[in-house]
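Asks: could you look at this predicted model? Sequence included:
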Amino acid sequence: MLYDLLILGGGPGGYTAAERAGQAGLKVALFEKDALGGVCLNEGCIPTKTMLNSAKLYDHANNSEVFAVKSLEVSFNQAQVVKRKNKVVKTLIGGVKAKMKNNGVEVIKAEASICGKEDDLFRVDALNEKYLGKNLLIATGSVPAVPPIPGLKEGLESGFVVTNKGILDLEEIPEKMTVIGGGVIGLEMACYFQTVGSKVTVIEMQDHIAGTTDSQIGNMLQNIYTKKGINFLLEAKVTEVSDGYVSYELADESAGIAADIVLLSVGRRPVIEGYGLESLGVEVEGGAIKTDAQCRTNIPGVYAAGDVNGRWMLAHAASREAETAVNTMLGKEDEMSYNNCPGVIYTNPEVAYVGATTEELDLQGRPYKMVEIPFSYSGRYMAETNREQSLCKLIVDGDDQTLIGCHLLGPYVSEIIITAGIMIERKMTMEEIKKQIFPHPTVAEIIREGIFLLKS
Ligand SMILES: Cc1cc2nc3c(=O)[nH]c(=O)nc-3n(C[C@H](O)[C@H](O)[C@H](O)COP(=O)(O)OP(=O)(O)OC[C@H]3O[C@@H](n4cnc5c(N)ncnc54)[C@H](O)[C@@H]3O)c2cc1C
């Protein structure tokens with residue numbers, strides 16, 4: 001069977017590429033060994049946000065008196081949350097299936113293997129069938145990293161330790177939960193379980209949470225959740241996991257904590273093995289497929305998009321990379337612009353950011369101006385919140401006055417950050433941003449307020 005494009009992996013990278021290529025009239029085969037939608041739909045973005053919304057509503061209900069609303073009895077039903085989450089996931093997967101069908105994409109539910117080239121075409125085998133393609137896109141995604149900690153493997157087997165997948169199907173709220181890793185996934189789940197009643201401890205090896213997020217915002221988030229009850233152990237190294245117990249070292253002292261369940265969230269590893277990459281000689285660097293700005297690998301006609309390239313490991317980066325790869329195949333000019341790729345942590349309040357951090361700029365010695373303001377400048381924020389800690393940090397290039405960074409901690413910021421992303425991508429100057437009309441009252445107005453506080 002001859003195709004224009006063969007795609008390995010049906011996550012946001014794979015299915016977006018399939019949809020766009022199908023829309024452009026290419027004959028496409030998409031191979032997915034597990035469930036269409038990949039990690040994002042089945043065990044990542046969508047299930048976590050569905051569950052976090054229930055936790056947010058629960059939190060609102062418990063703290064509604066300040067808004068003159070008294071809830072007499074508030075309860076939380078974890079089993080029903082999981083049921084609803086599964087329904088949302090099923091509906092969205094149905095949507096992806098429909099898109100594939102409507103665009104003539106052939107979906108093959110099977111593990112695919114690359115078997116080099118045949119007659120100058122790429123050969124992929126699945127279910128004992130041979131598929132030949134003019135182009136090949138690798139979108140095999142990532143899996144949780146499992147460090148060699150004694151007892152971890154056994155813990156994963158027994159169910160005492162779970163990864164992002166197992167945690168989403170817990171039908172009961174554990175009393176005591178330990179989260180290994182204070183990055184985005186660990187924080188979102190810590191936030192969820194703390195809100196709905198678990199006593200949560202987060203063990204993080206670095207001296208801060210939230211990875212490369214602006215350090216001030218990361219610290220503020222840590223303070224907020226410390227007040228809510230999460231126990232953060234920073235610069236702490238887990239040394240062993242045994243049934244019901246997590247041992248760690250902190251400041252050269254050995255200690256331990258009892259847990260009913262452990263979430264392992266120390267990062268993710270691109271899937272680059274076991275499906276024949278070597279048969280084509282695709283270059284791998286640092287455990288990920290090496291790609292250029294057009295998402296091309298070192299082999300002409302072979303592209304890679306999504307987590308497998310180890311760059312941004314976010315669903316929206318995966319889908320944009322997929323589009324860039326398809327456009328390049330079609331001979332259209334396109335390239336990835338990672339500068340305007342936003343990141344979000346769906347805690348409550350949320351964190352969202354795009355562009356440079358002051359830490360990066362200081363390291364580069366690049367001149368910049370910066371303003372920091374609390375969200376209390378926004379009328380909508382004042383109307384709708386109880387004035388939790390918040391921050392808007394805007395960074396403008398010291399030479400040409402264009403916006404180069406925006407870091408937010410506050411409500412709705414996941415929905416606002418695209419505004420700053422577009423401004424950064426369009427290289428908008430402070431003066432141009434001042435002329436934009438923001439709807440009032442909205443929390444997004446904080447960006448306008450901040451820009452006016454910056455001196456030209
Ligand atoms: C808990 C969690 C929460 C997250 N939340 C967010 C979020 O809020 N926002 C966000 O942007 N990102 C989020 N992410 C990240 C996001 O899920 C990933 O960046 C995204 O799924 C990557 O898409 P992908 O297409 O590269 O790979 P994946 O979604 O990993 O899909 C790859 C697919 O390839 C298939 N596959 C692998 N090998 C083969 C083979 N040989 N043959 C056939 N099929 C194969 C796999 O079965 C898988 O379905 C989250 C991740 C996790 C774990």
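Replies: Structure received.

Asks: residues from the stretch 151-300 of the chain in reach of the ligand?
Replies: Asn164, Ile185, Val271, Tyr275 (CB under 6 Å from any ligand atom). The way it works is simple: take the backbone N, C-alpha and C, and place the C-beta from them, glycine included.

Asks: repeat the analysis, applying 5 Å as the threshold.
Replies: Residues of the stretch 151-300 of the chain found near the ligand (CB under 5 Å from any ligand atom) are Asn164, Ile185, Tyr275.

Asks: check the stretch 301-450 of the chain too.
Replies: Gly306, Asp307, Met313, Leu314, Ala315, Ala318.

Asks: and the pLDDT for the spatially closest residue to the last one that is not a sequence neighbour?
Replies: Here the nearest residue to Ala318 in space, its sequence neighbours aside, is Gly306; by CB to CB, 6 or more residues apart in numbering that works out to 3.4 Å. At Gly306, the pLDDT value in this model is 98.

Asks: which residues does Gly306 contact?
Replies: By CB atoms under 8 Å, 6 or more residues apart in numbering, the contact set of Gly306 is Gly9, Gly11, Pro12, Gly13, Gly14, Ala139, Gly141, Ala317, Ala318, Glu321, Ala322.

Asks: kindly reformat the residues you listed as TSV containing neighbour count.
Replies: Shown next, in TSV, are the contacts of Gly306 (neighbours: other CB atoms under 10 Å):
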residue	neighbour count
Gly9	31
Gly11	31
Pro12	30
Gly13	35
Gly14	31
Ala139	35
Gly141	26
Ala317	22
Ala318	31
Glu321	32
Ala322	29
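
Asks: farthest-apart pair in those residues, please.
Replies: Gly9 and Ala317 (14.6 Å; CB to CB).

Asks: how much space separates Glu359 from Glu350?
Replies: 21 Å (CB to CB, to the nearest Å).

Asks: so those two - more neighbours on which side?
Replies: Between Glu359 and Glu350, Glu350 has the larger neighbour count (other CB atoms under 10 Å), namely 23 against 12.

Asks: would you map the helices across the stretch 251-400 of the chain?
Replies: 315-329, 358-364, 379-384 (DSSP state H, counting those that start in this stretch).

Asks: so which bits of the last one are buried?
Replies: Of the residues in helix 379-384, Arg380, Tyr381 count as buried by neighbour count, 16 or more other CB atoms under 10 Å.

Asks: which helices and strands does it pack with?
Replies: Applying 3 or more CB pairs under 8 Å, 6 or more residues apart in numbering; DSSP states H and E, we find helix 379-384 packed against helix 445-453.

Asks: for the helix it packs on, packing partners?
Replies: Helix 445-453 packs on strand 368-373, helix 379-384, strand 391-397, strand 403-410, helix 413-425, helix 430-434, going by 3+ CB pairs under 8 Å, 6+ apart.

Asks: deepest-packed of the ones you listed, please.
Replies: strand 403-410 (a mean of 27; mean count of other CB atoms under 10 Å).

Asks: now for the spatially closest residue to Met313 that is not a sequence neighbour: which residues touch it?
Replies: Computed as CB to CB, 6+ apart, the closest residue to Met313 that is not its neighbour in sequence is Asp307, at 4.8 Å. Applying CB under 8 Å, 6+ apart, we find Asp307 in contact with Gly11, Gly13, Val39, Gly141, Ser142, Arg268, Pro270, Val271, Met313, Ala318.

Asks: where strands are concerned, which of the residues you listed count?
Replies: Among the contacts of Asp307, the residues falling in strands (DSSP state E) are Ser142, Arg268, Pro270.

Asks: picking that back up, distance to Leu156 added to the helices and strands packed on helix 445-453, as a markdown table?
Replies: Below are these laid out as a markdown table (distance: least, CB to CB, whole Å):
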| stretch | distance to Leu156 |
| --- | --- |
| strand 368-373 | 42 |
| helix 379-384 | 42 |
| strand 391-397 | 37 |
| strand 403-410 | 33 |
| helix 413-425 | 31 |
| helix 430-434 | 49 |
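
Asks: can you put those in CSV and add mean pLDDT?
Replies: Output for the helices and strands packed on helix 445-453, formatted as CSV (pLDDT from 0 to 100):
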stretch, mean pLDDT
strand 368-373, 98
helix 379-384, 96
strand 391-397, 98
strand 403-410, 98
helix 413-425, 97
helix 430-434, 97
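
Asks: tell me which of these sits nearest to Asp334.
Replies: helix 413-425 (13.6 Å).

Asks: quick one, the closest one and strand 403-410 angle?
Replies: Following axes from the mean of the first three to the mean of the last three CA atoms, to 10 degrees, one obtains 170 degrees for the angle between helix 413-425 and strand 403-410.

Asks: helices or strands next to helix 413-425 in the packing?
Replies: Going by 3+ CB pairs under 8 Å, 6+ apart, helix 413-425 lies up against strand 343-345, strand 350-355, strand 403-410, helix 445-453.

Asks: could you give me the buried positions within stretch 190-206?
Replies: Neighbour-count burial for stretch 190-206 [16+ other CB under 10 Å]: 190-196, 198-205.
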